[in-house]
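> Sharing a model that was predicted from the sequence below.
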Amino acid sequence: QVQLVESGGGLVQAGGSLRLSCAASGRTFSTYYMGWFRQAPGKEREFVAALSWGGGSTYYADSVAGRFTISRDNAKNTVYLQMNSLKPEDTAVYYCAARQGYYSGSSLHYDYWGQGTPVTVSS
């Protein structure tokens, strides 16, 4: 069982930066693939980024590649999403998720979810 708690969301102007954190409980955190998803009002939840157990493999949606960076600190049971050059279209609730196994960009394949943290980017 893994419990996830996100933090770091907020209001930022376009072009600004935010760093989201996701603190995980459980002694087996390092065995989970971790992902970030987001859901804007009236839209489906979409994949943002994911990384492997040791952080050596990372995956990004085309819309955020080059602007967002996902990382993890297994000693702290925490995964991060550094978001730079933010755009108004990045406005959404951001969710942290965990899954056992290998990479997936589908929210259907993730077993554990946080409650979400809202990000609003003003123009």
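Alright, I've got the coordinates.

> Test my guess that residue 88 contacts residue 14.
Yes. The criterion here is C-beta atoms under 8 Å, and residue 88 meets it with residue 14 at 5.9 Å. (C-beta placed from N, C-alpha, C; glycine too.)

> And what about residue 30, helix, strand or coil?
Three-state assignment for residue 30 (DSSP: H, G, I helix; E, B strand; the rest coil): helix.

> Spell out which residues sit in contact with the residue nearest the centre of the chain, please.
Against the mean C-alpha coordinate of the chain, by C-alpha atoms, centre = their mean, the closest residue is residue 36 at 2.3 Å. By C-beta atoms under 8 Å, 6 or more residues apart in numbering, the contact list for residue 36 reads 20, 22, 48-50, 70, 79, 81, 94-97.

> want to try CSV for those, with neighbour count as columns?
Listed next are the contacts of residue 36 as CSV, based on neighbours: other C-beta atoms under 10 Å:
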residue, neighbour count
20, 24
22, 26
48, 24
49, 24
50, 24
70, 23
79, 29
81, 26
94, 23
95, 23
96, 28
97, 25
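
> Which ones among those residues map onto strands?
Of the positions in these, 20, 22, 48-50, 70, 79, 81, 94-97 sit in strands, assigned by DSSP state E.

> and of those, the nearest to residue 121?
Ranked by distance to residue 121 (C-beta to C-beta), those are led by residue 94 at 11.6 Å.

> Enumerate every residue touching the closest one.
Contacts of residue 94 by C-beta under 8 Å, 6+ apart are 6, 9, 20, 36-38, 48, 81, 116-119.
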